[in-house]
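S.K.: Could you work out the structure for the sequence below:
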Amino acid sequence: MVFIKAFILLLIFLASLHGGKIIAKKYSNRVSELKEMKNALNMFLTKIKFTYESVPETFKEIGNNVNGNIGQIFRLASEHMKEKSAGDAWEEVVEKTDTSLTAEDKEIIKKLGRLLGKTDIEGQISEIKLVQDFLNTQIDVAERERQKNEKLYKTLGGVVGLAVVIILI
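M.R.: Numbering: from 1, shown residues only. All right, here's what the predicted structure looks like:
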């Protein structure tokens, strides 16, 4: 009986510890997704400067070259552009794709959709650069939040698990 109780308490502690790590991981995922988005926008900037591919073709290629959720955003946006305008497809996909990005991050990224495919190359280039500048700011903020909160939630998960174990003993 004591063995079963000890085993259950250990499971509770490990589950709490794991929960803290999952919450902490969201902060590092946000930083990496913002950096991936910035790199993807660099690819997009280069493509529209030096090639004459359409926006859907460019997005499809970027989606295949970028991993994770950011690549999925570009792939899905490319597919949605068959039915909708480039800007509408982009905004919809950014909003609906499950990422670690905050609402503020998504609003900044959705701003790219305003002129997507509607203006000349120079207009799109300036819009991409503007979004990249905003992303640089968001990356700095996300990095500070990650440093502050990642250790906090890992520790908090362990402390809560330990507290529950002590209460149940």
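S.K.: can I assume residue 43 is in contact with residue 65?
M.R.: Yes - in terms of CB atoms under 8 Å, residue 43 counts as a neighbour of residue 65; the distance is 6.7 Å. C-beta here means a position set from N, CA and C on the backbone, and glycine is covered the same way.
S.K.: and these two? which has more neighbours close in?
M.R.: A direct count of neighbours by other CB atoms under 10 Å for residue 43 and residue 65 places residue 43 higher, at 16 against 12.
S.K.: Now do the contacts for the more buried one.
M.R.: Contacts for residue 43 (CB atoms under 8 Å, 6 or more residues apart in numbering) come out as 62, 65-66.
S.K.: With secondary structure and distance to residue 98 added, can I get the residues you listed in TSV?
M.R.: Formatted as TSV, these follow (DSSP: H, G, I helix; E, B strand; the rest coil; distance: CB to CB, whole Å):
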residue	secondary structure	distance to residue 98
62	helix	19
65	helix	21
66	coil	16
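S.K.: now, among those, which is nearest to residue 151?
M.R.: Proximity of the contacts of residue 43 to residue 151 (CB to CB) peaks at residue 66, which lies at 29.0 Å.
S.K.: I'd like the next helix or strand past the helix or strand harbouring residue 109.
M.R.: Take DSSP states H and E as the rule and residue 109 turns out to sit in helix 103-110. Using DSSP H and E, the helix or strand that follows helix 103-110 in sequence is helix 121-168.
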